[in-house]
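>>> here is my input; please provide its structure:
(one chain, ligands or ions: 1)
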Amino acid sequence: MSFKVITSVSDMQQYSKECLRRGNIIGLVPTMGFLHEGHLSLIDKSKEKADIIIVSIFVNPTQFAPTEDFSKYPRDLDRDIELLKSKEVDVLFLPDANEIYPDNFNTFVKVKEVTERYEGEFRPTHFEGVTTIVSILFNCVKPNIAVFGRKDAQQAFVIEKMVQDLKMDIKIIVSPIIRENDGLAMSSRNIYLNANERNDALVLKNSLDLAKKLIELNEYNASVLIFEMERLFLAVPSASLDYIAIVNKENFNTVDKLKKDNTYYILVACKIGSTRLIDNLEISL
Ligand code: PAF
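Below is the predicted model of the structure:
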């Protein structure tokens, strides 16, 4: 099938209805564009489960606070289209902001509680914007499966909660973090870093590696792990740490002590200069 760009909501819905009528399985990879290897790995993942692959590109204004980087968020549509073609994606859904959010738009989807912690504490309106746009994209694309990156582990958890609570008949797949050769987690925002900051940004991954090493040495006390990680950030002048949290993967509640037979995420968010980066590590005991 040849590559198609669909910009109107009704054309998208019509296309998906026809695919579903034919018995196809639709996989959606929602993105904000400026695609990198991390996004491409989500496309590969969706191909394992679906036979029609739809990628959306929409820089969603409602998930950025007025002080954040919406207007300067990196964009390169021509390059994105070449990458999508090379991955043999079926459809790029590229909706127009005026159709997604017309002037009289007044409906938001909000997952409570978990969205107030970690990222939510520093970006209080962020997750409401994410769950709203993801619901809209689901209604436009009608996917059977949707793939999200584990770099945004809390976002993936919030979306899974929304899907569960609202009885959306969509399977959410969370795909592993893709890293640069030196360990920095891939992110469209890495482009903001100058050469020194790019080097300083390794402190996120280094702090997670340190925690992993300490856990392997049987240090299960969350406050000790966090204290040792924080020391690495203090040694990097351009780094301003927002939070380190150790949470149970099942419920995203913070834990004081790691226990056998449980899986955790260690979450890190830090500004390097003026660029805010996040990373995480999954730990199974
Ligand atoms: O992870 C992202 O790129 C965005 O938050 C998403 C899921 C595409 C919603 O705008």
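>>> and what about F70, helix, strand or coil?
Of the three states, F70 takes coil according to DSSP: H, G, I helix; E, B strand; the rest coil.
>>> oh, I was asking about L267
L267 ends up strand, using three-state DSSP.
>>> I'd say it and A245 touch.
Yes: using CB atoms under 8 Å, L267 is in contact with A245, at 4.6 Å. Heads up, the C-betas are built off the backbone N, CA and C, glycines and all.
>>> now do the shared contacts for these two.
Shared contacts of L267 and A245 (CB atoms under 8 Å, 6 or more residues apart in numbering): Y118.
>>> what sits against C19?
By CB under 8 Å, 6+ apart, the contact set of C19 is 26, 52.
>>> tell me, what's the model's pLDDT at it?
At C19, the model reports a pLDDT of 98.
>>> would you agree it falls within a strand?
No: counting by three-state DSSP, C19 falls outside a strand, being helix.
>>> distance of it from I133?
According to CB to CB, to the nearest Å, C19 and I133 sit 22 Å apart.
>>> and what of S175?
Taken as CB to CB, the span from S175 to I133 is 19 Å.
>>> go ahead and report the secondary structure state at I177.
Following three-state DSSP, we place I177 in the coil state.
>>> wait, D165 touches K112, no?
No: counting by CB under 8 Å, D165 does not reach K112; the two are 9.6 Å apart.
>>> now do the strands in the stretch 101-250 of the chain.
In the stretch 101-250 of the chain, the strands defined using DSSP state E, counting those that start in this stretch lie at 145-149, 171-175, 239-248.
>>> right, so of these, which gets closest to the ligand?
strand 145-149 (6.2 Å; CB to the nearest ligand atom).
>>> so which elements touch that closest one?
Strand 145-149 is packed against strand 26-31, helix 37-49, helix 153-165, strand 171-175, with contacts defined by 3 or more CB pairs under 8 Å, 6 or more residues apart in numbering; DSSP states H and E.
>>> show me what counts as buried in stretch 185-201.
By 16 or more other CB atoms under 10 Å, the buried positions in stretch 185-201 come out as 185-190, 192-193, 197-198, 200-201.
>>> in TSV, list those residues along with pLDDT and distance to L285.
As requested, the buried residues of stretch 185-201 are exported to TSV (pLDDT from 0 to 100; distance: CB to CB, whole Å):
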residue	pLDDT	distance to L285
A185	98	23
M186	97	27
S187	96	28
S188	93	33
R189	93	32
N190	96	31
Y192	95	36
L193	97	34
E197	97	34
R198	98	33
D200	98	31
A201	98	28
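>>> closest to K257 out of those residues?
Using CB to CB, A185 is the member of those that sits closest to K257, with 26.6 Å.
>>> how about the contacts made by the closest one?
By CB under 8 Å, 6+ apart, A185 lies in contact with 38, 151, 177-179, 204-205, 277-279.
>>> pull up the gap between it and I52, please.
Taken as CB to CB, the span from A185 to I52 is 29 Å.
>>> and for the spatially most central residue of the chain, nearest residue in space, chain neighbours not counted?
Residue closest to the mean C-alpha point of the chain, counted by CA atoms, centre = their mean, is D152 at 3.6 Å. Of all residues not flanking D152 in the chain, I278 sits nearest, at 7.1 Å (CB to CB, 6 or more residues apart in numbering).
>>> for D76, same thing?
Sequence neighbours aside, F34 is the residue nearest to D76 in space, at 5.8 Å (criterion: CB to CB, 6+ apart).
>>> sec struct for the one you found, please.
When classified by three-state DSSP, F34 comes out as coil.
>>> what about it, neighbour count?
For F34, the neighbour count with other CB atoms under 10 Å is 19.
>>> near the ligand, which residues of this structure show up?
Applying CB under 6 Å from any ligand atom, we find that the chain lies next to the ligand at 30-32, 60, 63, 130, 133-134, 152, 155.
>>> residue ranges of the helices in the stretch 1-150 of the chain, please?
Along the stretch 1-150 of the chain, counting by DSSP state H, counting those that start in this stretch, helices occupy 9-21, 37-49, 77-86, 97-100, 119-122, 126-141.
>>> can I assume I170 is in contact with P143?
Yes: counting by CB under 8 Å, I170 touches P143, with 5.8 Å between them.
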